[in-house]
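Q: Quick check, what structure comes out for this input:
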Amino acid sequence: MEKTFNRVAEAVAHATGRPWAFALCLTSVLIWAVSGPIFDYSETWQLVINTATTIITFLMVFLIQNTQNRDGAAIQAKLDELIRSGHGKNAFIGIEHLTEAEVDRFRSVCAEAKGKKEVPPK
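A: Model prediction:
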């Protein structure tokens, strides 16, 4: 189930990020707007666009959040591996799981270390 959802979420996120998807949505809104006089700008006419956009937005939130969570986790794993294999401090591995105050302390330490570094001559 999870793999299927991930594949669908990735495919939908990829497709909706394309120019043709925007053009399709824009065309739909324009057709709806032009049809206003035909339907005498009725409540049903308004309800159609309102309901459609609400449902699409509701579903897209979950799909986009899923892809962002996976992308963020993948980037974090890559950064952790770079720290492990390079000259970075291993203490930074996993800091995304700390509290905001703990992360702020890490940032302060980094800012102090950056300020103490000498700038190489040109």
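Q: where along the chain do the helices fall?
A: 2-16, 19-34, 43-85, 100-116 (DSSP state H).
Q: In terms of secondary structure, what does the first one contact?
A: Based on contacts counted as 3 or more CB pairs under 8 Å, 6 or more residues apart in numbering; DSSP states H and E, the elements that helix 2-16 packs against are helix 43-85. Heads up, the C-betas are built off the backbone N, CA and C, glycines and all.
Q: quick check: angle from the helix it packs on to helix 2-16?
A: For helix 43-85 against helix 2-16, the angle by axes from the mean of the first three to the mean of the last three CA atoms, to 10 degrees is 110 degrees.
Q: give the contact list for Gly36.
A: When contacts are counted by CB atoms under 8 Å, 6 or more residues apart in numbering, Gly36 touches Trp45.
Q: what's the offset of stretch 23-31 from the middle of its chain?
A: 24 Å (CA atoms, centre = their mean, to the nearest Å).
Q: Tell me which of the helices of the chain lies nearest to Gly94.
A: Evaluated with CB to CB, these place helix 43-85 nearest to Gly94, the distance being 7.2 Å.
Q: which other helices and strands contact the closest one?
A: Checking 3+ CB pairs under 8 Å, 6+ apart, helix 43-85 ends up next to helix 2-16, helix 19-34.
Q: Least reliable of those helices by average pLDDT, please.
A: Lowest mean pLDDT within the helices and strands packed on helix 43-85: helix 2-16, at a mean of 87.
Q: Name the residues of that helix that are buried.
A: For helix 2-16, the neighbour count (16 or more other CB atoms under 10 Å) marks Ala9, Val12, Ala13, Thr16 as buried.
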